[in-house]
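[1] A predicted structure for the sequence below; I have some questions about it.
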Amino acid sequence: MAKLTKKRKAIIAKYDATKAYSLVDAAKIVKEITTTKFDASVDLSVRLGVDPKKANQMVRGTVTLPHGTGKTLRVLVICTPDKEAEAKAAGADFVGGDDFITKIKEGWTDVDVIITTPSMMGKVGALGKILGPRGLMPNPKTGTVTMEVGKAVKDSKGGKIDFKVDKAGIIHSSVGKASFDVEKLAENANEILQSILKMKPASAKGAYMRSIYLSSTMSPSVQVETKTLA
């Protein structure tokens, strides 16, 4: 077993790894034990009592974080010419049509969110092998296939995030940056947890929220109480 460094020992001494804390206390601990020189991302991991292989137990949705994510997202809008001005006015970083379809086919994916209109979805859908693995495929359920491209751009820039349960039954989501106030981190995390709660599948048996952990990019995980949540 590797010897613990002084730094690691000091971090471990700040909290009890076997104990579950309130959201506010967990956020406070994560801030204290984050020692990176860069502004680390703070992430929430929620293990659910669902079977993601069953279609009626898939938990996915979108939520707008009250205090944003702390990240500046690069947004691409692929649309018909009549929608380009609306997308640009809303703050999209890249706007176009077939030119961007070609660019993506050639391997360009230097964006965080892609928004498109229903009429362009046929062409965008053909890029599934490139966009799918990167989590960039637009989807009507997440509001990224829409005629309201301006609103979609503003939502994405304003802290709207998508979440989806993975094959292991866990939802991973960013709740902000380590530089955020404790209260802002806790409120962002709570917003996601409340959204997940509302999506509890009727067919899910037993405890729904099995475990919740908060951590930053390089920190250990801090367990969050689930008893305050159903």
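    Ah, there it is.

[2] what sits up against the lowest-mean-pLDDT helix or strand in the chain?
    Every helix and strand of the chain was ranked by mean pLDDT, DSSP states H and E. The lowest is helix 6-12, at a mean of 72. By C-beta atoms under 8 Å, 6 or more residues apart in numbering, the surrounding residues in contact with helix 6-12 are 4, 33, 35, 219-220. In short, each C-beta sits where N, CA and C put it, glycine included.

[3] Quick one: the residues you listed as TSV, columns for pLDDT and distance to residue 64 too.
    Putting the contacts of helix 6-12 into TSV (pLDDT from 0 to 100; distance: C-beta to C-beta, whole Å) gives the following:
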residue	pLDDT	distance to residue 64
4	63	40
33	90	28
35	85	30
219	87	26
220	89	29
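
[4] Now which of those residues would you call buried?
    Taking 16 or more other C-beta atoms under 10 Å as the criterion, what is buried in the contacts of helix 6-12 is 33, 219-220.

[5] So which of those sit within helices?
    Among the buried ones among the contacts of helix 6-12, the members falling in helices (DSSP state H) are residue 33.

[6] Look up which residues are beta-bridged to the spatially most central residue of the chain.
    Nearest to the mean C-alpha position of the chain, by C-alpha atoms, centre = their mean, lies residue 173 at 3.9 Å. For residue 173, the beta-bridge partners under DSSP bridges are residue 44.

[7] Look at it and report its pLDDT.
    For residue 173, the pLDDT comes out at 93.

[8] pretty sure it contacts residue 163?
    Yes - contact criterion C-beta atoms under 8 Å: residue 173 and residue 163 qualify, at 4.8 Å.

[9] quick one, strands of the chain?
    41-48, 60-64, 75-78, 94-96, 113-116, 160-164, 170-177, 209-216, 222-224 (DSSP state E).

[10] I'd like these laid out as CSV, including distance to residue 183.
    Shown next, in CSV, are the strands of the chain (distance: least, C-beta to C-beta, whole Å):
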stretch, distance to residue 183
strand 41-48, 13
strand 60-64, 17
strand 75-78, 28
strand 94-96, 35
strand 113-116, 27
strand 160-164, 19
strand 170-177, 11
strand 209-216, 14
strand 222-224, 15
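
[11] Please name whichever of these is nearest to residue 25.
    strand 222-224 (8.4 Å; C-beta to C-beta).

[12] pLDDT on the closest one, on average?
    Regarding strand 222-224, the rounded mean pLDDT is 95.

[13] top helix in this protein by residue count?
    In the chain, taking DSSP H as the definition, the longest helix is helix 182-198.

[14] Which secondary structure elements does that helix sit against?
    Under the contact criterion of 3 or more C-beta pairs under 8 Å, 6 or more residues apart in numbering; DSSP states H and E, helix 182-198 touches helix 23-33, strand 41-48, strand 60-64, strand 160-164, strand 170-177, strand 209-216.

[15] want to throw these into a markdown table with distance to residue 199?
    Converted to a markdown table, the helices and strands packed on helix 182-198 look like this (distance: least, C-beta to C-beta, whole Å):
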| stretch | distance to residue 199 |
| --- | --- |
| helix 23-33 | 19 |
| strand 41-48 | 10 |
| strand 60-64 | 6 |
| strand 160-164 | 9 |
| strand 170-177 | 10 |
| strand 209-216 | 11 |
